[in-house]
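Chemist: this one's structure only:
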């Protein structure tokens with residue numbers, strides 16, 4: 001299989017999947033190295049394909065049904081699980097985390113968390129690695145972009161985050 005055909009097959013797979021696909025899985029399917037897949041994805045992106053890299057793999061950005069909202073929060077590392085569970089338990093997907101870095105400006109980390117299982121997997125990766133959550137860079141202050149099914153779900157998230165003492169508000 002030549003590279004152009006492989007990239008077409010990768011794009012078709014991403015279009016077919018509802019969740020992320022790892023570079024390792026794609027490499028096995030196509031009999032190439034993971035690094036070749038990383039390069040293929042880079043070329044597909046350069047060609048205009050809306051592919052996101054998440055901690056669990058590659059995901060084709062789609063027009064999502066729902067409403068996009070941003071929520072500002074502050075919490076410790078120990079409170080992170082509660083914060084994320086509140087979001088997913090109310091039917092929202094935590095798309096990303098955003099922090100303001102004094103040198104680099106805005107830093108964004110892709111999350112794509114839609115369920116308690118996703119949250120658990122993210123927390124396991126966070127605890128087992130040498131890297132710390134981005135919110136550690138800002139004393140726990142950060143933003144999340146949420147994809148919510150409706151305004152009511154977003155309002156529930158805000159109310160519960162506030163009740164848990166995690167919602168960042170004017171002081």
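Modeler: Structure's in. What do you need? None of the values given here were measured: they were computed from a predicted structure.
Chemist: contacts and neighbour counts: CA atoms only from here.
Modeler: Will do.
Chemist: which residue is nearest the middle of this protein?
Modeler: The centroid of the chain falls nearest to residue 111 when counting by C-alpha atoms, centre = their mean (1.6 Å).
Chemist: on the three-state scheme, it is what?
Modeler: strand (DSSP: H, G, I helix; E, B strand; the rest coil).
Chemist: separation between residue 14 and residue 20?
Modeler: Separation of residue 14 from residue 20 (C-alpha to C-alpha, to the nearest Å) stands at 8 Å.
Chemist: mutual contacts of the two, please.
Modeler: 58-59 (C-alpha atoms under 8 Å, 6 or more residues apart in numbering).
Chemist: point out where the protein drops to low pLDDT.
Modeler: Applying pLDDT under 70 to the chain picks out residues 62-65, 130, 133-134, 136-138, 170-171.
Chemist: show me where it has its strands.
Modeler: Using DSSP state E, the strands found in the chain span residues 51-54, 57-60, 67-74, 93-101, 105-113, 141-148.
Chemist: how far off centre is the first one?
Modeler: A distance of 8 Å separates the centroid of the chain from that of strand 51-54, by C-alpha atoms, centre = their mean, to the nearest Å.
Chemist: what sits up against that strand?
Modeler: For strand 51-54, contacts defined as C-alpha under 8 Å, 6+ apart pick out 20, 41, 44-45, 58-61, 110-112.
Chemist: do the third one as well
Modeler: Under the criterion C-alpha under 8 Å, 6+ apart, residues 139-151, 154, 158, 166-169 lie in contact with strand 67-74.
Chemist: put the buried members of the residues you listed into a ChimeraX selection.
Modeler: Buried residues among these (16 or more other C-alpha atoms under 10 Å), as a ChimeraX selection:
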select :140,141,142,143,144,145,146,147,148,149,154,158,166,167,168
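Chemist: okay, the contacts of strand 51-54 in a markdown table with distance to residue 88 next?
Modeler: A markdown table is the format used below for those (distance: C-alpha to C-alpha, whole Å):
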| residue | distance to residue 88 |
| --- | --- |
| 20 | 17 |
| 41 | 29 |
| 44 | 31 |
| 45 | 29 |
| 58 | 21 |
| 59 | 19 |
| 60 | 21 |
| 61 | 19 |
| 110 | 15 |
| 111 | 12 |
| 112 | 10 |
